[in-house]
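Visitor: need coordinates for the below:
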Amino acid sequence: MTDESRATFTLRASRELLDRLKQAADEHSHSMNAEIIQRLEWTLDDYRFQLHGPLGLEPADPSDAYDAINRVESELQQMKDDLQEFNKPNVKTDISPREKAGIAGWIKARITHLEKKRDFLKKNIVEERIKALIEQSNAEWERKYPDGQEPPTPYDIAVAEYDRIHGTKKKP
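Guide: Sure, this is the predicted structure:
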């Protein structure tokens, strides 16, 4: 990245948050700046997410969740394959063991992030299905029994069916 394509800004954060970022950066063997940028990129990826929800990520439209799950699972599998390939003992690289550990740590962190995102999306889909079924059931109930009318009891249904079959319905 050239200096012309970079921007500088001041970030105000609690000491606790900065300490946590520093610890994460050390675990991944890179700078705090790189850690912050990576985490921001994760939240601004191409999954059409809005910033809310328990992970800070929720699809803008629940129907997008299926596509998002497929993309997440595809990326997750690719990351797992990359990690497995990267950790093979016979792989020759020009990087130091510290750098290799940092890259492996970053891949593991990304895998964890993707697993949480996938699980959140799946939970979101189940909740949306339940809400839709409840709404459908309520609408059907209102259509069948308007104005708070009580539904017939199983006994009433059995008597009506008996009367219909045997033609014994009493007239008022």
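
Visitor: D156 and D147, how far apart?
Guide: 18 Å (CB to CB, to the nearest Å). For glycine as for every other residue, the C-beta is placed from the backbone atoms N, C-alpha and C.

Visitor: the more surrounded of the two?
Guide: D156 (11 against 5; other CB atoms under 10 Å).

Visitor: my guess is the more buried one is in a helix, correct?
Guide: Yes - counting by DSSP: H, G, I helix; E, B strand; the rest coil, D156 is found in a helix.

Visitor: how about it, what does it touch?
Guide: With contact set as CB atoms under 8 Å, 6 or more residues apart in numbering, D156 has no partners.

Visitor: what about E85, how many residues nearby?
Guide: Per other CB under 10 Å, the neighbour tally for E85 reads 9.

Visitor: secondary structure element for L76, which one?
Guide: Using DSSP states H and E, L76 sits within helix 64-86.

Visitor: how about that helix: buried residues?
Guide: For helix 64-86, a neighbour-count test (16 or more other CB atoms under 10 Å) marks 65, 68-69, 71-72, 75-76, 79, 83 as buried.

Visitor: what is the nearest of those to K108?
Guide: Distance to K108 across these (CB to CB) is lowest for L83, with 6.8 Å.

Visitor: any idea which helix or strand carries the closest residue to that closest one other than its chain neighbours?
Guide: Among residues not flanking L83 along the chain, I107 sits closest, at 4.6 Å (CB to CB, 6 or more residues apart in numbering). Using DSSP H and E, I107 falls within helix 97-144.

Visitor: which other helices and strands does that helix contact?
Guide: If contacts are counted by 3 or more CB pairs under 8 Å, 6 or more residues apart in numbering; DSSP states H and E, helix 97-144 sits against helix 32-43, strand 58-59, helix 64-86.

Visitor: so what's the nearest residue to K122 once chain neighbours are set aside up against?
Guide: Setting aside the residues directly before and after it, K122 is nearest to I69 in space (CB to CB, 6+ apart), at 6.5 Å. Residues near I69 by CB under 8 Å, 6+ apart: 118, 121-122, 125.

Visitor: mind doing that once more with 7 Å?
Guide: Residues near I69 by CB atoms under 7 Å, 6 or more residues apart in numbering: 118, 121-122.
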